[in-house]
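Novice: Predicted coordinates and the sequence they were generated for:
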Amino acid sequence: MALSPIERLPVELIQPIFLLSGPNLALPLVSHHIAAKLSDDYIYHTVCAEYLTANQHPRAEQSINQSRIFSAQWMTWDFFKVFLVKTYEGNGCLCGKSPEEGCFDAQWPPEWKDATKMVFSRSHLPELSWVKCRIPAKLLHGPWTSDKIQFLRFLLWITPMTVDWADAEVRKTALEGKKEAIMEKNLEVVEMFNHNRRLGKTPGLPMVRFAIMEAGCDRSLVYDIMATARAWGLRSVGWECAELDAWCNDRIEAGDPKGKWLQLKLQELRAQEGPASNDAANSGSRSGGVMSPDTGQYDGGEDDQLVINKHKWNQVSQTISSFNVQVVIFWWSYLTAPVGNVLRFMHLRCRRSTGFFQLLAPLMECPWTLGSFQ
Ligand SMILES: [Zn+2]
């Protein structure tokens, strides 16, 4: 097919036209001939500076273009790191300000490997915290390389970006991505999905069965999935499952210590009441049994270890549930009528169960929306 006049323009003309157009990111998307002429680091950096660090376009347009930028092939973890260094190295913090302009506790160099080590708060936000767009599908599925994991964790920590759950393909990708991580026995990724509600629903019994019966019951993954399911409301009789019981019996007969271990964890979860605990996974509630990390322990060698990590995501959730939300709910419930009657009842019923408050956690999960999470 013959090229259109604009597709025949040389790079020297198409690049300035693109920049003068907004830059309008629809342009490279309509023609791969135009896209090829705009494939240039200078263009990429200009586009990122325009839409990620400056707020001079209508909200909807800005958001669409931010999503396009992150889903572009050229937006790799390596490119993004270079862009952030070029943009923020001068002032020495991801907040984009100098100490004179209000920066304190500068976060530099950025914690590329584990962004959750960076401390931000409501009064010290990273500049990208206002980037409101979609997490690209390319970061939601396996194979789970270290680049992909670091990139996804970084975006979740410093921006409020979300998955486009209205898109059936993206929804499927995210769900399969989590299952791929379980099959790959990638604890880092499974923990990210378990403890971050922007990456999907909390795990339930079907996910527990999948991790055990189809993915080989990696104890660290299974423990974290079960603890998360328990923390978000799966209690006592909710853990009854004939298939899991049969799996345990089969493994016990085969002499596999995992069978006995899992049987004990299920018994602990099926109890009506557990000990009071401040452990994040157990939510500090006595309603419903809790798992003990120590009971049933055995030395399974290098390939069968039980690793239990503490997460910053959990700390955020705990802080929200134990303080912010309780304060808000308390005053709202007692001061607002007639809604107050309903909320007062819910508050009294649920005040010993942080599970209720955790239902509200996704609303405030971004760490910089809280001043007290550290
Ligand atoms: Zn700063």
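Specialist: Yep, that arrived.
Novice: list the contacts for the residue of the stretch 151-300 of the chain at minimum distance from the ion?
Specialist: Closest residue of the stretch 151-300 of the chain to the ion, C-beta to the ion: I158 (11.9 Å). No exception for glycine: its C-beta is placed from N, CA and C like everyone else's. With contact set as C-beta atoms under 8 Å, 6 or more residues apart in numbering, I158 has these partners: L94, A115, M118, F120, P126, L128, S129, W368.
Novice: Can you pull out the residues in contact with the longest helix along the chain?
Specialist: What stands out as the longest helix in the chain, according to DSSP state H, is helix 168-183. Contacts with helix 168-183, where a contact means C-beta under 8 Å, 6+ apart, come from 134, 137, 140-144, 163-165, 189-190, 193, 199-200, 207, 210-211, 214-215, 218, 221, 225.
Novice: swap the cut-off to 6 Å and go again
Specialist: Residues from elsewhere that reach helix 168-183, judged by C-beta atoms under 6 Å, 6 or more residues apart in numbering: 137, 140-142, 144, 163-165, 189-190, 193, 200, 211, 215, 221.
Novice: Pull out the buried residues from those.
Specialist: For the contacts of helix 168-183, a burial check counting by 16 or more other C-beta atoms under 10 Å picks out 137, 140-142, 144, 163-164, 189-190, 193, 200, 211, 215, 221.
Novice: Of these, which belong to helices?
Specialist: The subset of the buried ones among the contacts of helix 168-183 located in helices under the criterion DSSP H comprises V189, V190, F193, L221.
Novice: Next up, the contacts around the third one.
Specialist: If you count contacts by C-beta under 6 Å, 6+ apart, F193 has them with K178, L199.
Novice: could you redo the last one with a cut-off of 8 Å?
Specialist: Counting by C-beta under 8 Å, 6+ apart, F193 makes contact with G177, K178, A181, L199, G200.
Novice: Look up how far D224 lies from the closest residue to the last one other than its chain neighbours.
Specialist: Right, the one you point to is G200. Excluding the flanking residues, the one nearest G200 by C-beta to C-beta, 6 or more residues apart in numbering is A174, at 5.6 Å. Remark: distance between A174 and D224 (C-beta to C-beta, to the nearest Å) = 18 Å.
Novice: which of those two has more neighbours?
Specialist: Comparing A174 with D224 by other C-beta atoms under 10 Å, the one with more neighbours is D224, at 25 against 21.
Novice: State the pLDDT value of that one.
Specialist: As summarised for this prediction, D224 has a pLDDT of 97.
Novice: got it, and A280?
Specialist: In this prediction A280 is given a pLDDT of 47.
Novice: ditto for G22
Specialist: Among the per-residue scores, G22 shows a pLDDT of 89.
Novice: ditto for the one 4 residues further on
Specialist: pLDDT, A26: 91.
Novice: Output the strand or helix carrying I43 as PDB, nothing but the C-alphas.
Specialist: Secondary structure assigned from DSSP states H and E places I43 in helix 41-52. Coordinates of the C-alpha atoms in helix 41-52 are reproduced here as PDB (Å, rounded to 0.1, in the frame of the first residue of the first chain):
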ATOM      1  CA  ASP A  41      15.600   8.200  23.000                       C
ATOM      2  CA  TYR A  42      15.200  12.000  22.800                       C
ATOM      3  CA  ILE A  43      11.600  11.600  21.900                       C
ATOM      4  CA  TYR A  44      10.900   9.000  24.600                       C
ATOM      5  CA  HIS A  45      12.400  11.300  27.300                       C
ATOM      6  CA  THR A  46      10.500  14.300  26.000                       C
ATOM      7  CA  VAL A  47       7.200  12.400  26.100                       C
ATOM      8  CA  CYS A  48       7.900  11.100  29.600                       C
ATOM      9  CA  ALA A  49       8.800  14.500  30.900                       C
ATOM     10  CA  GLU A  50       5.600  15.900  29.300                       C
ATOM     11  CA  TYR A  51       3.200  13.400  30.700                       C
ATOM     12  CA  LEU A  52       4.800  11.900  33.800                       C
END
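Novice: just checking, what packs against that helix?
Specialist: Counting by 3 or more C-beta pairs under 8 Å, 6 or more residues apart in numbering; DSSP states H and E, the packing neighbours recorded for helix 41-52 are helix 11-20, helix 59-71, helix 77-88.
Novice: Redo those helices as a markdown table? Include distance to the ion and mean neighbour count.
Specialist: As requested, the helices and strands packed on helix 41-52 are exported to a markdown table (distance: least, C-beta to the ion, whole Å; neighbours: other C-beta atoms under 10 Å):
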| stretch | distance to the ion | mean neighbour count |
| --- | --- | --- |
| helix 11-20 | 30 | 14 |
| helix 59-71 | 22 | 17 |
| helix 77-88 | 9 | 17 |
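Novice: Turn the ones you listed into TSV, columns for distance to W261.
Specialist: What follows is the helices and strands packed on helix 41-52, written out as TSV (distance: least, C-beta to C-beta, whole Å):
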stretch	distance to W261
helix 11-20	59
helix 59-71	41
helix 77-88	37
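Novice: Need phi/psi at the closest residue in space to W130 that isn't next to it in sequence.
Specialist: Spatial nearest neighbour of W130, excluding adjacent residues (C-beta to C-beta, 6+ apart): N55 at 6.7 Å. Here the main-chain torsion angles of N55 (degrees, to the nearest 10) amount to phi -120, psi 80.
Novice: how far away is N55 from S123?
Specialist: Distance of N55 to S123, given as C-beta to C-beta: 19 Å.
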